[in-house]
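Enquirer: Have a look; sequence and predicted model below, questions after that.
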Amino acid sequence: MDGRSALFQGDLYSRMIIAVDFDNTLAVTDHSNNLVPVTEVVEFCKQHLECGDTLILWTCRWGKALEEAINWCKEQGIVFDYINGEHPDTIDVYGKQRKVFADIYLDDSNMLLTDLKT
C-alpha cells in the first residue's frame, strides 16, 4: 500500500483524499486580508488535483471569510472538491462524522507522532 486509503474499491482506490487547512497553511494570513500564498502547499494541491486526488478545504472559516478563502483559492488555480465536508463514499462506509476522513491532513498546527518525546 502506498499511503492511499484501502477504503475504496475501483476508481477511487487509486486516489487520495487530502484535507487542507487555509489560514497559515495555504496562505499566510494576518487578519487584514493580506493573503500571501504558501507556494509549496499551493503547488502540492494543484499537482494532486491534476492527478485526480480529492481535495477538501477544511477550515474554521465561515460566512464571508469562507467565501473569500474559496475565491482566493480559485485565483491560485485550486478548486476544492468539498468545502468543510466529506467525500460521499466515506459517509457510506463510516456514517456522518465530525472529522472528515482523509489520507493526508495539511495543517499549520500539525505535529508528527515521531516528534513526541516521552
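Expert: Cool, got the structure.
Enquirer: can you pull the pLDDT of Ile91?
Expert: Looking at Ile91, its pLDDT reads 64.
Enquirer: for the one 3 residues further on, same thing?
Expert: At Tyr94 the predicted local distance difference test score is 67.
Enquirer: How about Ala6?
Expert: For Ala6, the predicted pLDDT is 43.
Enquirer: Kindly report the same for Leu26.
Expert: Taking Leu26 on its own, its pLDDT is 96.
Enquirer: residue contacts, it?
Expert: 20, 37-38, 41-42, 45, 73, 76, 78 (CB atoms under 8 Å, 6 or more residues apart in numbering). For the C-beta atoms, the positions are set from N, CA and C on the backbone; glycine is no exception.
Enquirer: could you redo the last one with a cut-off of 10 Å?
Expert: Residues near Leu26 by CB atoms under 10 Å, 6 or more residues apart in numbering: 20, 35, 37-38, 41-42, 44-45, 57, 59, 69, 72-73, 76, 78, 106, 108.
Enquirer: Also Val41?
Expert: 20-22, 24-27, 76, 78, 106, 108.
Enquirer: Can you flag which of the contacts of Leu26 belong to strands?
Expert: Mapping the contacts of Leu26 onto strands (DSSP state E) picks out 20, 37, 57, 106.
Enquirer: coming back round to it: filter the contacts of Val41 to the buried ones?
Expert: The neighbour count (16 or more other CB atoms under 10 Å) marks 20-22, 25-27, 76, 78, 106 as buried among the contacts of Val41.
Enquirer: Tabulate these in CSV, adding columns for distance to Glu86.
Expert: Below are the buried ones among the contacts of Val41 laid out as CSV (distance: CB to CB, whole Å):
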residue, distance to Glu86
Val20, 14
Asp21, 16
Phe22, 17
Thr25, 19
Leu26, 19
Ala27, 23
Gln76, 23
Ile78, 19
Leu106, 16
